[in-house]
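> Could you work out the structure for the sequence below:
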Amino acid sequence: MRLGQTSAIYFVSKLLASAFGFVATIYFTRFLGEEVIGFYGITLSLVSALLLVGDTGFGGAITKRISEGDELDVYFTAGVIVKIVLLSVVSIGVLVFRETVNAYVGRPVALYILLMMGAYLLLNLTRAALKGNHLVHVAAPLNPLKQAFRSGIMILLVYFGWELSGMLLGHATGTVLVAAIGFWILKPNIAVPSRRHFRKLFDFAKFSWLGGVRKKAFQEADILVLGLFVPSGLTGVYVIAYSLAEFLDIFGRGISTTLFPEISKQSMDGNVEMVRSLTNDALSFAGLILIPGTIGAAILGDRLMRVYGEGFAIGDQVLAILLGALVVYTYNQQLLNTLNAVDRPDLAFRSNSVFIASNVALNLALVYWYGWVGAAVATGLSACIGLVFSFRYTRSQVQFEIPYREMGNQLFAALLMGGFVYGARSVGEGYWIANWNTPFVVGLVGLGAGTYFAVLLLISTQFRTTVLQNLPSRMPFVQ
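Numbering: from 1, shown residues only. Next up is the predicted model:
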């Protein structure tokens, strides 16, 4: 299967999953309000932070070693053993300090945290094995299924009055169901690992674990810090702004997920030119969705946030800043993906160390001084710092090129799109349609997306060629 098609399958699957999540989130925000969403967001962030300790890079190590093509079942079994041991230690810690955990969140959630950690253990093992087996296109359709299960169960429980408990229990239950389906597809065999297999996992994980911390620091550090300094209602608005921003990073994550096993294999085969080419492709398309999304958020941010309820409209400024940060972060992500794939997690470790330290320090300082907007600014500044270091280290290993032309094409198409959307909004707000916020926003977003891709197809040879090459079959009028 072509890499472009695999990325497209991943993207469409994530898009469908996000659609399920989007509808469910609107229900929760309007039914429960900002405060409960704040408690929910802080709990999920805490689960993510604890899972880092229960993973310490072994998820990435499982994917890496399996992707190399040797002793697949042995490495999978070794990874299962290590992750169960690590997560058991973390679970004991949560039980011992459950009163502190509950006090931090503001609700009695310690037992739900344990349940969700177990659910994610199963899901993360499935994902690691599927990615390592070059089955990203098989794993990707599980995402909308997972979101559908989660959303359906959560909505049902909230409807019957379970509120925060229903959201957490539904989240965990949906995760377990999809993990079970993933194991059924994978059908892994149990094999007895030796000390050598554990050592090879550890050799990769001892550096790559910080990559997981880097990812979670970008996603969760600001929310965890907000939980210390600002009311849960504002944290809830921030959570929604971040989830909306993260939705537009789907394609960037799809690229890195798809290319990792391919770059890893080409690197093992000594194909330096192919590694360089794949890295160039990753950088060329990393901002395909995020660049126009950032400009669109600057124009429509208040109305986009109002879809979730009137109380969320104050998050428009945070949304625009977070999207700008994600543009920088996604390029950083592609470069670190290449470093790990060419088996240089030590260099990725150095870059991640700088990013994480700056992210945590800036969040603590700026949230304390400037409140919740400071969290978004801190995220953006730390992303810029991380990009500088990842660029330097990756360039020392792979002679990739900065795709100035393609990035410029995307920016030009996005600016033109922004002009059309701004004009359409200005005109539309003089008519009755503007009173119906959600249909009005959907129409403007559709206009923007159509304009952007039409212009990009017209001015970008690389984008046009890539689209045509990855169609299921050639259109009859295409030469």
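
> hey, let's count contacts and neighbours off CA atoms from now on
Will do.

> do you know how far Leu16 is from Pro439?
Using Cα to Cα, to the nearest Å, we find Leu16 at a distance of 19 Å from Pro439.

> okay, those two: which has more neighbours?
Leu16 (17 against 13; other Cα atoms under 10 Å).

> for that one, what are its contacts?
Residues counted as contacts of Leu16 (Cα atoms under 8 Å, 6 or more residues apart in numbering) are Pro144.

> After the helix-or-strand element of the chain with minimal mean pLDDT, which helix or strand is next?
Ranked by mean pLDDT, DSSP states H and E, the helix or strand of the chain with the weakest confidence is helix 136-139, at a mean of 60. Heading C-terminal from helix 136-139, the first helix or strand you meet, by DSSP states H and E, is helix 142-159.

> mind listing what's buried in the helix or strand hosting Thr175?
For Thr175, the host element (DSSP H and E) is helix 163-186. Buried residues in helix 163-186, defined by neighbour count with 16 or more other Cα atoms under 10 Å: 163-179, 181-183, 186.

> Which stretches in the stretch 351-479 of the chain count as helices?
Applying DSSP state H, counting those that start in this stretch to the stretch 351-479 of the chain gives helices spanning 372-395, 404-428, 437-459, 461-469.

> hang on, the earlier thing: which strands and helices lie in contact with the helix holding Thr175?
Applying 3 or more Cα pairs under 8 Å, 6 or more residues apart in numbering; DSSP states H and E, we find helix 163-186 packed against helix 34-53, helix 110-132, helix 142-159.

> Can you give me the buried ones in the longest one?
Across helix 110-132, burial judged by 16+ other Cα under 10 Å covers 110, 112-132.

> what inclination does it have with respect to helix 34-53?
Taking axes from the mean of the first three to the mean of the last three Cα atoms, to 10 degrees, one finds that helix 110-132 is oriented at 60 degrees with respect to helix 34-53.

> Start at 26, not 1
Fine by me, first position is 26 from now on; the one you just mentioned is helix 135-157.

> So which elements touch helix 135-157?
Under the contact definition 3+ Cα pairs under 8 Å, 6+ apart, helix 135-157 sits against helix 59-78, helix 83-92, helix 97-121, helix 123-130, helix 161-164, helix 188-211, helix 275-293.

> Mind telling me which of the ones you listed the model trusts least?
Note on the helices and strands packed on helix 135-157: lowest mean pLDDT is at helix 161-164, with a mean of 60.

> Low-confidence stretches in the stretch 226-375 of the chain?
For the stretch 226-375 of the chain, the stretches with pLDDT under 70 are 232-244.

> what ranges do the helices span in it?
Taking DSSP H, counting those that start in this stretch as the test, the helices found in the stretch 226-375 of the chain are 257-272, 275-293, 297-310, 315-331, 341-366, 370-395.

> how close does the residue nearest to Ala408 when sequence neighbours are not counted get to Phe425?
Nearest non-adjacent residue to Ala408, counting by Cα to Cα, 6 or more residues apart in numbering: Tyr354, 5.2 Å away. Computed with Cα to Cα, the distance linking Tyr354 and Phe425 is 18 Å.

> The two: which is more packed in?
Taking Tyr354 and Phe425 together and counting by other Cα under 10 Å, Tyr354 has the greater number of neighbours (25 against 20).

> ok, that one to Phe285 distance?
Taking Cα to Cα, one finds Tyr354 at 17 Å from Phe285.

> on that earlier part again, highest mean neighbour count across the helices of the stretch 376-504 of the chain, which stretch is it?
Most buried of these, by mean neighbour count (mean count of other Cα atoms under 10 Å): helix 397-420, with a mean of 22.

> now what about that helix, what contacts it?
Residues contacting helix 397-420 (Cα under 8 Å, 6+ apart): 243, 247, 251, 255, 259-260, 263, 342-343, 346-347, 349-351, 353-354, 356-357, 360-361, 363-364, 372-373, 376-377, 379-381, 383-384, 387-388, 391-393.

> rerun at 6 Å
Helix 397-420 has contacts (Cα atoms under 6 Å, 6 or more residues apart in numbering) with 247, 343, 347, 350, 353-354, 357, 364, 376, 380, 383-384, 387-388, 391-392.

> farthest pair in the residues you listed?
Leu364 and Val392 (32.0 Å; Cα to Cα).

> Those two - which one has more neighbours?
Taking neighbours as other Cα under 10 Å, Leu364 and Val392 compare with Leu364 leading, 27 against 22.

> tell me the contacts of that one?
Counting by Cα under 6 Å, 6+ apart, Leu364 has contacts Thr419.

> how close does it sit to Leu147?
Leu364 sits 27 Å away from Leu147 when distances are taken as Cα to Cα.

> One more: Phe425?
Applying Cα to Cα to Phe425 and Leu147 gives a distance of 36 Å.

> Show me the one of the helices and strands packed on helix 188-211 that comes nearest Arg331.
Nearest to Arg331, of all the helices and strands packed on helix 188-211, is helix 59-78, at 12.4 Å by Cα to Cα.

> can you give me the angle the closest one makes with helix 257-272?
Going by the same axes, to 10 degrees, helix 59-78 makes 60 degrees with helix 257-272.

> Identify all contacting residues around helix 59-78.
By Cα under 6 Å, 6+ apart, helix 59-78 touches 245, 257-258, 260-261.

> Using TSV, please lay out the residues you listed together with neighbour count and distance to Phe45.
Formatted as TSV, these follow (neighbours: other Cα atoms under 10 Å; distance: Cα to Cα, whole Å):
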residue	neighbour count	distance to Phe45
Glu245	23	22
Ser257	23	25
Gly258	18	24
Thr260	28	22
Gly261	27	19
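
> Closest one of those residues to Tyr52?
Nearest to Tyr52 among the contacts of helix 59-78, with distances taken as Cα to Cα, is Gly261, at 14.1 Å.

> which residues sit in contact with that closest one?
The contact partners of Gly261, by Cα under 6 Å, 6+ apart, come to 59-60, 62-63.

> Nearest residue to it in space, please, no chain neighbours.
Nearest to Gly261 is Gly63, by Cα to Cα, 6+ apart, at 3.6 Å.

> The one you found: neighbour count?
By other Cα under 10 Å, neighbour count at Gly63 equals 26.

> separation between it and Ser70?
Gly63 is 11 Å from Ser70, by Cα to Cα.

> try Arg221
Taking Cα to Cα, one finds Arg221 at 35 Å from Ser70.

> swap in Gly475?
35 Å.

> again with Ile339
22 Å.

> ok, those two, which is more surrounded?
Ranked by neighbour count (other Cα under 10 Å), Ile339 and Ser70 place Ser70 first, with 22 against 17.

> one step back: please tabulate the helices of the stretch 226-375 of the chain in CSV, including the columns distance to Leu469.
As requested, those are arranged in CSV below (distance: least, Cα to Cα, whole Å):
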stretch, distance to Leu469
helix 257-272, 16
helix 275-293, 21
helix 297-310, 24
helix 315-331, 9
helix 341-366, 16
helix 370-395, 32
